[in-house]
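Chemist: Need coordinates for the below:
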Amino acid sequence: MRTTLRAPTHEPAETDSITFQFQPLTFHLLVKTHPDKMTYNCYIAALSDSEHAQIHTDAGMRAVELRILAALGSATAVTDVSTLDKHDVTTCTAHFSMQPHYFTITV
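Modeler: Okay, here's the model as predicted:
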């Protein structure tokens, strides 16, 4: 049996990273994305009462995450960070040296 090896291409590596984090002091679900080396986005999603109850199970959390992912395209850009809760801002900036772009998502 022969194996054919392909020559390596010179295309850049494509990466994307999405992290979900529940902020217990604000009851918001934060979605942190790092789509490339120069971009860092933080989406702050308000949860409904039923979604807040759901996030305490694996299946419920997955359902809420999927709803939030579907809403990323309709998120509203935040131009004045001082309008955001300081707990959300602190959670968004933890472990990152660059300043994120903030967005809000409402139910």
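Chemist: need the strands for the chain, in chain order.
Modeler: Counting by DSSP state E, the segments of the chain that form strands are 18-23, 28-36, 39-46, 76-77, 101-105.
Chemist: Report all helices and strands that the longest one contacts.
Modeler: Using 3 or more Cβ pairs under 8 Å, 6 or more residues apart in numbering; DSSP states H and E as the contact criterion, the neighbours of strand 28-36 among helices and strands are strand 18-23, strand 39-46, helix 58-71, helix 86-93. Placement of C-beta: from N, CA and C, glycine included.
Chemist: Listing request: residues of this protein with sub-threshold pLDDT.
Modeler: Applying pLDDT under 70 to the chain flags residues 1-4, 96, 107.
Chemist: For the residue nearest the centre of it, give the beta-bridge partners.
Modeler: Closest residue to the average C-alpha location of the chain: residue 31 at 2.1 Å, with Cα atoms, centre = their mean. According to DSSP bridges, the residues that bridge with residue 31 are residue 20, residue 43.
Chemist: Wait, it touches residue 72, no?
Modeler: Yes: in this structure, residue 31 is within contact of residue 72 by Cβ atoms under 8 Å, at 7.1 Å.
Chemist: any shared contact partners between these two?
Modeler: By the contact definition Cβ atoms under 8 Å, 6 or more residues apart in numbering, residue 31 and residue 72 are jointly contacted by 43, 105.
Chemist: Including distance to residue 93, could the strands of the chain go into CSV?
Modeler: Formatted as CSV, these follow (distance: least, Cβ to Cβ, whole Å):
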stretch, distance to residue 93
strand 18-23, 12
strand 28-36, 10
strand 39-46, 8
strand 76-77, 17
strand 101-105, 10
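Chemist: hang on, the earlier thing: how far away is the residue nearest to the centre of the chain from residue 97?
Modeler: The spacing between residue 31 and residue 97, counted by Cβ to Cβ, to the nearest Å, is 19 Å.
Chemist: thought residue 28 was touching residue 51?
Modeler: No: using Cβ under 8 Å, residue 28 makes no contact with residue 51, being 10.8 Å away.
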